[in-house]
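In: Generate coordinates for the sequence data below:
(one chain, ligands or ions: 1)
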Amino acid sequence: MPELDFRAPRLFVDAPLSPGETIALERNQSNYLGNVLRLSAGESILVFNGRDGEWRAEIVGRKRPDSLMITAQTRPQDRLPDIAYVFAPLKHARLDYMVQKAVEMGASKLQPVLTRFTQVSRVNSERMRANVIEAAEQCGIISLAGVAEPMRALQQGLTAPDGVDILIGPEGGFAEEERTLLLRQPQILRLSLGPRILRADTAGVAALALVQAALGDWARPDLEPG
Ligand code: SAM
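Out: Now for the predicted structure:
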């Protein structure tokens, strides 16, 4: 397993990645590399597109970074554990937090569900996708978690999942009829997160930690960042 470079800046680029490929930078990417990270031509970063693995890329540009030249692959494309994070969405900043933490914790799918006491009636999927990319860039992930359109009710999603689904309710908890419906499902296991009531975003991180440690990829020392 190649030594993973968790220190180099990483950028998601929605373009094919192969040796010698040149990729034009979007204005915000050029600004981030040039003005925020203060990188210049000749320096290198890591790029990924969620399909072709991770590659080293050299910055090209005279006054400011305007493109990347792809040089060598640093990591083959991997797969996230088949863990879906099914959750009652919260408002704005806390939803951003929930999405970013679920990505950091290795969820491969984000599935909002509008339960009876959910605080919001609609979800900005584009904002969620932007948070998925930002979290993946920051935490060394090269596969992108999928963002599903919100389910309008719990009933929609009660099929037996291929992998593991983690369901976290809203701040107001599940309605009685939802709780009854859930507990009647043979494929559902009620998981205690201890004797205290956790806020929904805390509960999400705690539940993902338990599942990753027991069934997921936390037991893979070859992946541990240096
Ligand atoms: N008053 C609500 C209730 O009694 O369910 C509290 C909901 S809690 C703020 C939000 C969600 O986090 C819950 O629906 C549940 O999915 C999860 N959660 C919070 N604390 C938990 C715990 N100790 N064990 C299991 N799940 C918990």
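
In: which residues sit against the top strand by length along the chain?
Out: For the chain, the strand with the greatest residue count under DSSP state E is strand 67-75. The contact list for strand 67-75 (C-beta atoms under 8 Å, 6 or more residues apart in numbering) reads 2, 4-5, 11, 13, 17-25, 44-47, 52-61, 142. C-beta: built from backbone N, CA, C; applies to glycine.

In: Show me just the buried residues among the residues you listed.
Out: 4, 11, 13, 17, 21, 23, 25, 44-47, 52-57, 59-61, 142 (16 or more other C-beta atoms under 10 Å).

In: Those also near the ligand: which ones?
Out: By C-beta under 6 Å from any ligand atom, no member of the buried ones among the contacts of strand 67-75 lies near the ligand.

In: from the contacts of strand 67-75, which ones fall inside helices?
Out: In helices, defined here by DSSP state H, there are no members of these.

In: how far away is A57 from Y97?
Out: Per C-beta to C-beta, to the nearest Å, A57 is found 30 Å from Y97.

In: next SSE after the strand or helix carrying R179?
Out: Take DSSP states H and E as the rule and R179 turns out to sit in helix 176-183. Using DSSP H and E, the helix or strand that follows helix 176-183 in sequence is helix 200-214.

In: where exactly do the strands run in this protein?
Out: 10-12, 22-24, 44-48, 54-60, 67-75, 83-87, 109-112, 146-147, 164-168.

In: I'm done for today, thanks for sticking with me.
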